[in-house]
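Asks: I need the structure of the sequence given here:
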Amino acid sequence: MTRFSTACVLLLGLTAQSAAAVDFSFIGALTSDNDVALFDFTVGATSNVTLRTYSYAGGTMADGTVIAAGGFDPILALFDGSGVLIDQNDDGSSVPPGPVTGVGFDTLLETTLAAGSYTVSVMQYDNFANGPKLADGFRRDGQGNFTGILSGGCGAPLFCDVTGDARTGNWAFDILNVSEAVIVTPRVPLPAAMPLLLGGLGGLMMLRRRVR
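Replies: Take a look at the predicted model:
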């Protein structure tokens, strides 16, 4: 059974509501392979919204932050305000390749969304959302650090990509052309929740910047 656990998150920046479409940049880190970062955002009017990671190959975020390459292989899932799965993305079609592996594993989802509330999750491959609802959890819930199985090992206990390269838990994520976006209480799958809460929540700290 999946449970949502309360965790401490360090938020830097303003959280005032805005009706205008603006861009939001977030950075942070997962502490285990099957952690999930959740974000809520709102769209004030029908808009073309972009959801983009930079954690694998690095790059420059919407707020100008330069991200180093080396983070895990990210995937994302998009849900509507009722928690119904809309879409998932693995490996955006036009993202740059990582400098070490030569493959483009960052996510890029561009979609037209009606006015309303949405949730997007950032996970490590292949921890896809089970669907059809957010409450149905994710493929690797309860499995802990699983990525060594996918690659045959990378010399590290976690954050291995499918090429066998050892990565980090760092993520960087842009939510573009929306009214408001916030990270919600980080989702820690049980049974790993209690050890993480007691010993490792520092890795889930994040930074948010809003770009006008």
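
Asks: For the residue most central in space within the chain, give its distance to Gly70.
Replies: Closest to where the C-alpha atoms of the chain average out (CA atoms, centre = their mean) is Val122, at 2.1 Å. As judged by CB to CB, to the nearest Å, Val122 and Gly70 stand 16 Å apart. C-beta here means a position set from N, CA and C on the backbone, and glycine is covered the same way.

Asks: What are the boundaries of the helices in this protein?
Replies: Using DSSP state H, the helices found in the chain span residues 147-151, 193-199.

Asks: Could you identify which of these has the lowest mean pLDDT?
Replies: The minimum mean pLDDT among the helices of the chain belongs to helix 193-199 (a mean of 38).

Asks: helices and strands of the protein: which one has the lowest mean pLDDT?
Replies: The weakest-scoring helix or strand in the chain, judged by mean pLDDT, DSSP states H and E, is helix 193-199 (a mean of 38).

Asks: picking that back up, okay, and the beta partners of the residue nearest to the centre of the chain?
Replies: Counting by DSSP bridges, Val122 is bridged to Ala37, Leu76.

Asks: So it is in contact with Tyr56, correct?
Replies: No. Applying CB atoms under 8 Å, one finds Val122 not in contact with Tyr56, separated by 11.6 Å.

Asks: joint contacts of these two?
Replies: Pro74 (CB atoms under 8 Å, 6 or more residues apart in numbering).

Asks: Can you name the residues in contact with stretch 96-111?
Replies: 48-59, 69-70, 73-76, 78, 86-87, 89-95, 122, 125, 161, 163, 165.

Asks: Buried subset of those residues as a PyMOL selection?
Replies: Buried residues within the contacts of stretch 96-111, by 16 or more other CB atoms under 10 Å, are selected in PyMOL with:
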select buried, resi 49+50+51+52+53+54+55+56+57+58+59+69+70+73+74+75+76+78+89+90+91+92+95+122+125+161+163+165
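
Asks: Show me the contacts of stretch 96-111 that map onto strands.
Replies: Judged by DSSP state E, the contacts of stretch 96-111 include 48-53, 59, 74-76, 78, 86-87, 89-90, 122 as members of strands.

Asks: Quick check: the farthest pair among those?
Replies: Gly59 and Ile86 (25.1 Å; CB to CB).

Asks: how much space between Phe41 and Gly152?
Replies: 37 Å.

Asks: neighbour-wise, which of those two wins?
Replies: Each of Phe41 and Gly152 has its neighbours counted (other CB atoms under 10 Å); Phe41 has more, 20 against 9.

Asks: So the more buried one is in contact with Ala181, correct?
Replies: Yes. The criterion here is CB under 8 Å, and Phe41 meets it with Ala181 at 3.9 Å.

Asks: can you list residues touching both of those two?
Replies: 24, 175.

Asks: low-scoring stretches of the chain, by residue?
Replies: Counting by pLDDT under 70, the ranges of the chain that qualify are 1-19, 185-212.
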